[in-house]
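Peer 1: Turn this into a model:
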Amino acid sequence: MKMDLKPVISLFVVVMPVAYAVLVWIYGRSFLGSPRGWEEMKFPALITVILLHFLYISLRTAAFDHPPVTTVFEIMTILSACIAVAYTYIEIRTKSTSTGFFVLFLAFIFQLISSLFIRDLTDIDPILRSRLLGFHVSSALLGYTAISLSAVYGLLYLMLYHEIKSSRLGLIYSKLPNLETLERMNRKAEMFGFVLLTAAIIVGLFWLPRAFESFSYWDPKLVGTIVIWMFYGGSLLAKKRFNWQGRRTMIVSIVGFSFVVLSMTVINVYWSGFHGFY
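Peer 2: Below is the predicted model of the structure:
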């Protein structure tokens, strides 16, 4: 007899935004210079919320027999988890926690909207029940999230750079990491995003032709993702080969993110649906 998971899922729908709100509050108290105890609470709280979120996603997948990527509000909870995971990777790699308040606040907003409007959905196309679809969409979202974070860190770098150049060492200077740390955070986020986009493309090229008879390798969203992947791959290669550093690399990140937003907007306006073939 299959266990009814819906009451547990309903509880998680309420718990998740509350958990993110508490997490943001902890990071905010630390950011504002509260006693050291708040600093020590941040990482354990972050891991706890991520584990809760993964449990919530797993329960929804099991209860409704499809990964939660079939509606806008399902995707929002995945996006919230992606923001938290991408930020956790950057925090671990750079040992810097001072931007967590701002990044995790975005995760809270997405999860709050998702929890307010998400609905149980059982009557869907069988193709949308594929776990590979869930992995494909989650990898792509996580990749784009990391790329977005790289642009955020690039913008923070430029703000701090110009503040230092103008000798106005105010609030931004006192709260942000130094330029070297922001540059490292930008680079780690960009690399993480590139790796996840690579995984999404590989899964897409393997699974999509088998899932859709009308699949085309010229599908606009697939082509757009590959072009973005090539741009960031070229950027990472140039940084390593030609030792690009500093302000120039931050500008490249922001330009690259602007290209991502523009291209995805155009594609979604002119080619609606999951992909051009669906």
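Peer 1: Which helix in this protein has the most residues?
Peer 2: Using DSSP state H to assign secondary structure, the helix with the most residues in the chain is helix 131-165.
Peer 1: buried residues in that helix?
Peer 2: Residues of helix 131-165 classed as buried by neighbour count (16 or more other Cβ atoms under 10 Å): 133-158, 160-161, 163. Where C-beta positions appear, they are placed from N, C-alpha and C, glycine not excepted.
Peer 1: ditto for stretch 236-252
Peer 2: Of the residues in stretch 236-252, those with enough neighbours to count as buried (16+ other Cβ under 10 Å) are 236, 239, 249-250, 252.
Peer 1: Switch those residues over to TSV; also include secondary structure.
Peer 2: Formatted as TSV, the buried residues of stretch 236-252 follow (DSSP: H, G, I helix; E, B strand; the rest coil):
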residue	secondary structure
Leu236	helix
Lys239	helix
Thr249	helix
Met250	helix
Val252	helix
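Peer 1: My guess is Trp244 contacts Gly234. True?
Peer 2: No - applying Cβ atoms under 8 Å as the test, Trp244 and Gly234 come out as separate, 11.4 Å apart.
Peer 1: Against Ile83, how distant is the most centrally placed residue in the chain?
Peer 2: With distances taken as Cα atoms, centre = their mean, Thr145 lies nearest the centre of the chain, 2.8 Å away. The spacing between Thr145 and Ile83, counted by Cβ to Cβ, to the nearest Å, is 5 Å.
Peer 1: again, but for Lys188
Peer 2: 15 Å.
Peer 1: more neighbours, these two?
Peer 2: Of the pair Lys188 and Ile83, Ile83 is the one with more neighbours under other Cβ atoms under 10 Å, namely 26 against 21.
Peer 1: Let me see the contact set for that one.
Peer 2: 103-104, 106-107, 110, 145, 149 (Cβ atoms under 8 Å, 6 or more residues apart in numbering).
Peer 1: Kindly indicate which of these lies nearest Arg36.
Peer 2: Leu104 (19.7 Å; Cβ to Cβ).
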